[in-house]
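A.B. asks: This is a predicted model, with the sequence first.
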Amino acid sequence: MDAITPERTIVGADLEPVARPTREEAMAAVRTLIAWAGDDPRREGVIDTPKRVVDAYADWFEGYGADPAKELSRTFEDVQGYDDIVMLREIEVESHCEHHMAPFLGKAYVAYMPTNRVVGISKLARVVEIYAKRLQTQETMTQQIADAITDSLRPAGVAVLIDAQHQCMTTRGVHHRHVSTITTQFTGVFKTDNSLRQRFLDFVNKR
């Protein structure tokens with residue numbers, strides 16, 4: 001059975017790797033939650049829910065099985081002297097809060113200033129998707145996207161902005177709707193050059 005190897009700090013020292021449960025064990029856990037919620041997992045309407053939930057989890061969290069560095073590994077050097085911003089706007093973000101496992105949905109804006117290499121633009125969107133399809137905090141995901149691009153492309157700078165609404169805030173707890181969270185990360189020239197950073201933000205707000 002595969003072991004789960006988290007990329008982030010785990011609580012406790014000298015802990016054994018966590019074994020990944022089987023599909024049947026995961027479905028049994030869903031039946032337990034259905035019963036805990038007050039329903040009968042044998043009821044006709046929910047009898048197939050465990051299967052559907054496990055299938056949905058395989059989709060929602062497929063990012064654990066993907067490698068952002070691999071996506072960014074194929075680069076191109078023939079850019080005919082291009083030396084300005086490369087930016088993708090309004091990349092769909094569909095992620096889940098690691099605190100409540102509730103969705104947060106929004107848009108990502110990603111830019112980098114190439115030095116001698118560029119990457120296919122779809123790969124930038126794929127990097128966002130990989131990190132989004134994991135249990136996340138928005139702050140961590142913003143940093144991870146910037147770090148992945150920096151490590152693989154060695155650009156002059158990276159800019160990332162994510163604007164998302166968190167269902168853990170809108171459907172439970174304080175129940176505040178229409179509140180979005182914005183996180184940013186700037187590196188290199190986007191951090192040191194105010195005018196370049198402002199150009200990025202102007203592109204974000206362009207309608």
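C.D. replies: Received the coordinates, thanks.

A.B. asks: got the contact list for V179?
C.D. replies: Applying CB atoms under 8 Å, 6 or more residues apart in numbering, we find V179 in contact with Q165, M169, T170. The way it works is simple: take the backbone N, C-alpha and C, and place the C-beta from them, glycine included.

A.B. asks: From I91, how far out is the nearest residue to M113 once chain neighbours are set aside?
C.D. replies: Excluding the flanking residues, the one nearest M113 by CB to CB, 6 or more residues apart in numbering is A156, at 4.1 Å. Look at A156 and I91: by CB to CB, to the nearest Å, they are 21 Å apart.

A.B. asks: now L15
C.D. replies: According to CB to CB, L15 and I91 sit 35 Å apart.

A.B. asks: Could you do A108 as well?
C.D. replies: For A108, the distance to I91 - CB to CB - is 4 Å.

A.B. asks: Over to R31?
C.D. replies: 36 Å.

A.B. asks: wait, isn't the residue nearest to M113 in contact with N116?
C.D. replies: No - contact between A156 and N116 fails when scored by CB atoms under 8 Å: they sit 10.2 Å apart.

A.B. asks: Ignoring the adjacent residues along the chain, who's closest to the residue nearest in space to the middle of the chain?
C.D. replies: With distances taken as CA atoms, centre = their mean, A132 lies nearest the centre of the chain, 1.9 Å away. Of all residues not flanking A132 in the chain, S95 sits nearest, at 4.1 Å (CB to CB, 6+ apart).

A.B. asks: what's the helix or strand harbouring that neighbour in contact with?
C.D. replies: Per DSSP states H and E: S95 is located in strand 86-97. Under the criterion CB under 8 Å, 6+ apart, residues 60-61, 102-114, 118, 121, 124-125, 128-129, 131-138, 141, 159, 162, 164, 166-168, 200, 203-204, 206 lie in contact with strand 86-97.

A.B. asks: Buried only: go through the residues you listed for me.
C.D. replies: Using 16 or more other CB atoms under 10 Å as the burial test, the contacts of strand 86-97 include 60, 102-104, 106-114, 118, 124-125, 128-129, 131-138, 141, 159, 162, 164, 166-168, 200, 204 as buried.

A.B. asks: Which members of these are positioned in helices?
C.D. replies: 60, 124-125, 128-129, 131-132, 138, 141, 167-168, 200, 204 (DSSP state H).

A.B. asks: Widest-spaced pair of those residues?
C.D. replies: W60 and F200 (29.7 Å; CB to CB).

A.B. asks: more neighbours, A156 and N116?
C.D. replies: A156 (17 against 11; other CB atoms under 10 Å).

A.B. asks: now the more buried one: how far from T170?
C.D. replies: Counting by CB to CB, the gap from A156 to T170 is 38 Å.

A.B. asks: Kindly tell me how buried K70 is, as a neighbour count.
C.D. replies: Neighbour tally, K70, other CB under 10 Å: 12.

A.B. asks: Which helix or strand contains it?
C.D. replies: When elements are assigned from DSSP H and E, K70 belongs to helix 68-71.

A.B. asks: which strands and helices sit next to that helix?
C.D. replies: helix 121-132, helix 138-153 (3 or more CB pairs under 8 Å, 6 or more residues apart in numbering; DSSP states H and E).
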